[in-house]
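Sequence below, structure please.
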Amino acid sequence: MAATRIACRSRALYVHAWPSIIAGCRTYSTALAQQPKPKPSTSSRSKAAPVQSKSKESAPKKSKTSADDLEDELKALDRMRRIPTIYPSTDIWGSPMASFDVQIPYDIQLMWNGTGVQRPFKVKDFVFALKHNVNNWLKNTFSMFTIARANAFPGLKNVQLRFRPSVWRKLRNVQSCDPSSWLGPLRKIALETYRQTHVAIARQNEDVIKSLTVGEFQSKALHLIRRREKGHKWFWDITSDTSDLTLYAPDPTFMTRLRSFATRVLRRNSSEQTHTVPPVTIVSIRAAEIYLAEQDPKVGHRLVIQALAKFDTTQVLKITDRHGKLVESELSKPHRVVQYVVLEKIGWYDSPWKLREQIYRT
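Model (predicted):
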């Protein structure tokens, strides 16, 4: 029984870090200890020590300070870091988490020109949008630095942080479409994941949907295919150009930007498009070190990365009924679709990038 109690105490040390362990701590010895004790006999009452008077109260307990709470949290974190070495099959770091604070930047040029704005332009709106974009830019730069330090960019190896202007330009320019951008491979991965997921939704392939989506996006996609009318078939496709020539474009030089600005001024009242819109653009990215175990993960890295991608494509969705006749709708014709979708990658899992949720512009 003594050995059983020692084992129970050693496992009870981890009750705050892993609540399910306490269920296995109820052994026969603890059950006996929890049984009510028999009442003492009259002879034992006479030999008992006199009861202390109520005036002699026990000393008040000391209230916990913020330093004590911080020390308890650090001890709990230290116990959590040791759990993977004791229970290798458990993963306490991969539990579902909330989305990071990815942000859709404001198009200040459209606000300044007054296009696409429902209300008149105000100076305070311009200041608010500028602060919002600067805040997003600072967080993007810090996350890019975190990913580069962990060498966690997809499709890139041995990314070196050096005090060079070219390196710092890549850190701060998240929305770059240049082929040499550190997020260039991620943009192609995002486009392929987006395409495969929507094809799976059209074909009602739940296995592919579950492998490429997670969270809110997965629940909505499964609900969409399960509520479809019987006998209806969907045919989805992207009709716009998504080749590498459109996906990757070199960053414009100073003279190119100057000529583009002059062209926009001369064609201010013209609706002609002066540049090609890329099908995918990373507008916001966040990274955090979530895997805090003492040893490095066996696969990948310690980060959880969430990237907000803007998909600007022309799509077609054709629906046929049970008789094979085309169902007339506006979606059957080529139409432009702009979506902001969050992609997530858990670094220590051997799994692909997944679509997490869709964010809407307010």
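
for the lengthiest helix in the chain, which positions count as buried?
Across the chain, the longest stretch assigned as helix under DSSP state H is helix 123-149. Buried residues in helix 123-149, counting neighbours by 16 or more other C-beta atoms under 10 Å, are found at 129, 136-137, 139-141, 143-144, 146-148. For every residue, glycine as well, the C-beta is placed using N, CA and C.

can you pull out the strands in the stretch 201-350 of the chain?
Counting by DSSP state E, counting those that start in this stretch, the stretch 201-350 of the chain has strands at residues 233-238, 280-289, 303-320, 335-346.

Which other helices and strands does the longest one contact?
Going back to what we said before, that points to strand 303-320. helix 123-149, helix 184-203, strand 233-238, strand 280-289, strand 335-346 (3 or more C-beta pairs under 8 Å, 6 or more residues apart in numbering; DSSP states H and E).

the inter-axis angle of that strand versus helix 123-149?
110 degrees (axes from the mean of the first three to the mean of the last three C-alpha atoms, to 10 degrees).

Now do strand 303-320 against strand 280-289, angle only.
Using the same axes, to 10 degrees: strand 303-320 against strand 280-289 is 140 degrees.

again, but for the last one
An angle of 20 degrees separates the directions of strand 335-346 and strand 280-289 when computed by the same axes, to 10 degrees.

Quick check: mean pLDDT of stretch 68-79?
Confidence for stretch 68-79, expressed as mean pLDDT, is 74.

which of the buried residues of helix 123-149 lies closest to His335?
Ala129 (28.0 Å; C-beta to C-beta).

check contacts around the residue nearest to that closest one when sequence neighbours are not counted.
Nearest non-adjacent residue to Ala129, counting by C-beta to C-beta, 6 or more residues apart in numbering: Tyr106, 3.7 Å away. Counting by C-beta atoms under 8 Å, 6 or more residues apart in numbering, Tyr106 makes contact with 129, 132-133.

could you measure Tyr106 against Val167, distance?
To Val167, Tyr106 is 28 Å away according to C-beta to C-beta, to the nearest Å.

And Thr242, by the same measure?
29 Å.

And stretch 296-306, end to end?
Separation of the first and last residues of stretch 296-306 by C-alpha to C-alpha, to the nearest Å is 21 Å.

What lies in contact with that stretch?
97, 99-100, 102, 143, 146-147, 150-152, 285-292, 342-350, 356.

Weed out the non-buried ones from those.
100, 102, 143, 146-147, 150, 152, 285-287, 291, 342-348, 356.

Report the secondary structure state of Ser95.
coil (DSSP: H, G, I helix; E, B strand; the rest coil).

is it true that the residue nearest to Ala129 lies in a strand?
No - read with three-state DSSP, Tyr106 is coil and lies in no strand.

helices and strands around the longest helix of the chain, which ones?
By 3+ C-beta pairs under 8 Å, 6+ apart, helix 123-149 packs against helix 108-113, helix 165-172, strand 280-289, strand 303-320.

Lys354 contacts Gln196, doesn't it?
No - when contacts are counted by C-beta atoms under 8 Å, Lys354 is not listed as touching Gln196 (11.2 Å).

For the two, indicate the residue with more neighbours.
Lys354 (21 against 17; other C-beta atoms under 10 Å).

Give me the spatial nearest neighbour of that one, chain neighbours excluded.
Per C-beta to C-beta, 6+ apart, closest to Lys354 is Val214, 4.6 Å.

Please apply the same query to Ile290.
Per C-beta to C-beta, 6+ apart, closest to Ile290 is Val304, 4.7 Å.

I'd like the distance between the one you found and Trp137.
21 Å.

so where's the stretch 251-362 of the chain uncertain?
252-275 (pLDDT under 70).

Now with 50, please.
For the stretch 251-362 of the chain, the stretches with pLDDT under 50 are 269-274.

Doesn't Glu357 lie inside a helix?
No - read with three-state DSSP, Glu357 is strand and lies in no helix.
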